[in-house]
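*Asks:* Take this sequence and fold it.
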Amino acid sequence: MKFKVANPVILASASPRRKEILSLLGFPFTVVPSNVSEELELENNDYQGYARKLAARKTQAVANDELDSIVIGADTIVVHKGKLYSKPESKEQAKSFLRELSGETHTVITGVGVFKDGMLSTFAAETKVTFRELDSTLINAYVESGDPMDKAGGYGIQTAGALLVEKIDGDYYNVMGLPIAKLTEHMRMLSFIGLKDGVSFIDY
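*Replies:* The predicted model follows:
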């Protein structure tokens with residue numbers, strides 16, 4: 001199953017994981033990282049709103065120079081007990097993150113922005129992730145591998161971070177950084193993409 005697009009598609013992210021996921025849809029796209037600040041004030045504990053605003057900022061930054069394209073941007077955050085876990089700034093912070101998440105269930109939220117023809121729309125997806133009880137030896141070894149350092153919450157479920165996870169409730173790809181099923185549905189409903197064969201767009 002492959003999809004078609006009428007406009008050039010740009011992924012406003014340097015993430016190799018998001019690039020891999022978007023490739024599942026089968027249409028060509030280019031990567032143009034947004035390189036905007038990820039500093040944003042959290043308002044009223046609205047974590048979905050926070051992720052959507054960051055995604056919108058990233059998407060719009062690229063769309064400003066690509067007005068004839070479909071631009072997709074995303075931002076992923078980890079939330080647990082009212083605390084926001086971003087990308088760790090040091091190995092010690094990564095270890096601290098993993099100790100706090102050990103044996104607990106946290107929430108992964110990805111905000112997504114989609115731009116076309118002057119219109120920017122956003123949505124967010126949530127997945128619950130439960131960690132195993134992690135001992136210090138495993139945490140230290142994982143952090144020393146370098147894998148946690150560019151990932152929200154200090155782990156990647158698609159790499160060795162999978163060894164930390166007991167179960168997930170929700171979209172696996174959302175934890176990777178791009179909820180591809182929800183993105184596909186969203187873009188089909190907006191008639192931004194269609195199937196190469198058969199019915200072009202979603203029909204409700």
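
*Asks:* mind checking the longest helix of this protein?
*Replies:* Ranked by number of residues, the top helix in the chain under DSSP state H is helix 47-63.

*Asks:* Following it in sequence, what is the next regular element?
*Replies:* strand 70-80 (DSSP states H and E).

*Asks:* now that following strand: mean pLDDT?
*Replies:* What strand 70-80 shows for mean pLDDT is 97.

*Asks:* Tell me which strands it pairs with, and in which orientation.
*Replies:* Looking at strand 70-80 with DSSP bridges, its partner strands are strand 9-11 (parallel), strand 83-85 (antiparallel), strand 105-116 (antiparallel).

*Asks:* any idea where the strands of this structure begin and end?
*Replies:* Taking DSSP state E, the strands of the chain run over residues 3-5, 9-11, 30-31, 70-80, 83-85, 105-116, 119-131, 165-169, 193-195.

*Asks:* Report the contact partners of the most centrally placed residue in the chain.
*Replies:* The residue lying closest to the centre of the chain (C-alpha atoms, centre = their mean) is Gly177, at 2.5 Å. Gly177 sits next to Ser13, Ser15, Arg17, Arg18, Ile21, Ala74, Thr76, Thr110 when contact means C-beta atoms under 8 Å, 6 or more residues apart in numbering. No exception for glycine: its C-beta is placed from N, CA and C like everyone else's.

*Asks:* How about Glu20?
*Replies:* With C-beta under 8 Å, 6+ apart, Glu20 has no contacts at all.

*Asks:* now swap in Leu163 and tell me
*Replies:* Applying C-beta under 8 Å, 6+ apart to Leu163 gives the contacts Leu138, Tyr142.

*Asks:* run the last query once more with 10 Å
*Replies:* Leu163 makes contact with Arg132, Leu134, Leu138, Ala141, Tyr142, Tyr155, Ile157, according to C-beta atoms under 10 Å, 6 or more residues apart in numbering.
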